[in-house]
Each structure stands twice: as structure tokens, then as C-alpha cells.
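*Asks:* Starting from these lines, generate the structure:
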Amino acid sequence: MVDRLILKMTQALIDEKIIDSKTAAEDVPIFKQGSLGEDEAYPDTFLTFWENPEAEQTAYDNGTATVVWSFDVNAYSTSPNMVYSLMNTLRALLKADGWQTPDRGHDVASDEITHTGRGISVTYLTTFNPIKEDN
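*Replies:* Numbers count the residues shown, from 1 in each chain. Have a look, this model is predicted:
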């Protein structure tokens, strides 16, 4: 599910013209939350994510029927306007792909005084046929 989330995050960065479709994967400014080193310079604008515990929500006949995937997604930028625009774009892309966004956004702290942060919580439900699928 992380790959699916990163694809949408990448699309949001393209839509907001932070990167283009030819940007090399290693240059896409998406990071696992907290993974930037103390000595690393922050990109002007970037996204982070944190995967919360996967929850087996329902079961049937001793098999998992529903899994809830939950992530925190944050945007940081030197431009407060970009933070809001990027999060709105990302939220729309995720909702169109079947993700749920229970909150419309919240402020998040930044370790750099030059950057503003904003986040959303996102979830995705995966439903299985517990009799037919190994889960």
C-alpha cells in the first residue's frame, strides 16, 4: 500500500510543478517521516509519510475480511501557500483513488524555521474474500 500512496504523492508533486514526470526516482522529494538527517538540507518543498499499524478490521471463517491501512502524510515548504495547495491537490488525488481522508488537514511542526508544515491522515480499506484468498 505504501507504493500506491507514494504514486499519488509523486503525482501531486508533478501537478504542483515541484518536479516533472522525468525526475529521477532518487530526486523525488518524498521521505519517510523523520528520515532526513540532521546535516541534510531540506528541499524547498517536500512530502513525508508515516505508516500507522495495519488493522485487521473484520474477519470471517477464521480469515481476514478487511484490512485498514492508515498513514500520516505531511507537506513542508518554504512557501505556506504551497503547503496548502500541495495538500489540497494530494487530498483530491487520494480521494479519487478510493482513499479516505477523515480530516481536511492540520498543522505539523517543522524542525526548520524556514519551513511550514501541514498534514492529513489517510486510510485505505482492503477487502478480501477470506475463503478464497490467503491473507
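*Asks:* can you pull the contacts of residue 1?
*Replies:* Taking CB atoms under 8 Å, 6 or more residues apart in numbering, we find residue 1 in contact with 69, 124, 126. The C-beta positions use only the backbone N, C-alpha and C, and glycine is treated the same way.
*Asks:* can you redo these as TSV with neighbour count, secondary structure and pLDDT?
*Replies:* Output for these, formatted as TSV (neighbours: other CB atoms under 10 Å; DSSP: H, G, I helix; E, B strand; the rest coil; pLDDT from 0 to 100):
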residue	neighbour count	secondary structure	pLDDT
69	19	strand	91
124	17	strand	94
126	15	strand	85
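*Asks:* middle-most residue in the chain, spatially?
*Replies:* Centre of the chain computed as the mean C-alpha position; nearest residue by CA atoms, centre = their mean is residue 73, 3.9 Å away.
*Asks:* hang on, it packs against residue 120?
*Replies:* Yes - in terms of CB atoms under 8 Å, residue 73 counts as a neighbour of residue 120; the distance is 5.5 Å.
*Asks:* who touches both of these two?
*Replies:* In contact with both residue 73 and residue 120: residue 90, using CB under 8 Å, 6+ apart.
*Asks:* one step back: reformat the contacts of residue 1 as JSON lines; add distance to residue 87.
*Replies:* Compiled in JSON lines, the contacts of residue 1 are given as follows (distance: CB to CB, whole Å):
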{"residue": "69", "distance to residue 87": "19"}
{"residue": "124", "distance to residue 87": "18"}
{"residue": "126", "distance to residue 87": "24"}
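*Asks:* Direction included, what does the helix or strand harbouring the residue nearest to the centre of the chain pair up with?
*Replies:* Assigned by DSSP states H and E, residue 73 belongs to strand 63-77. Each strand paired with strand 63-77, and its direction, by DSSP bridges: strand 45-51 (antiparallel), strand 55-60 (antiparallel), strand 116-127 (antiparallel).
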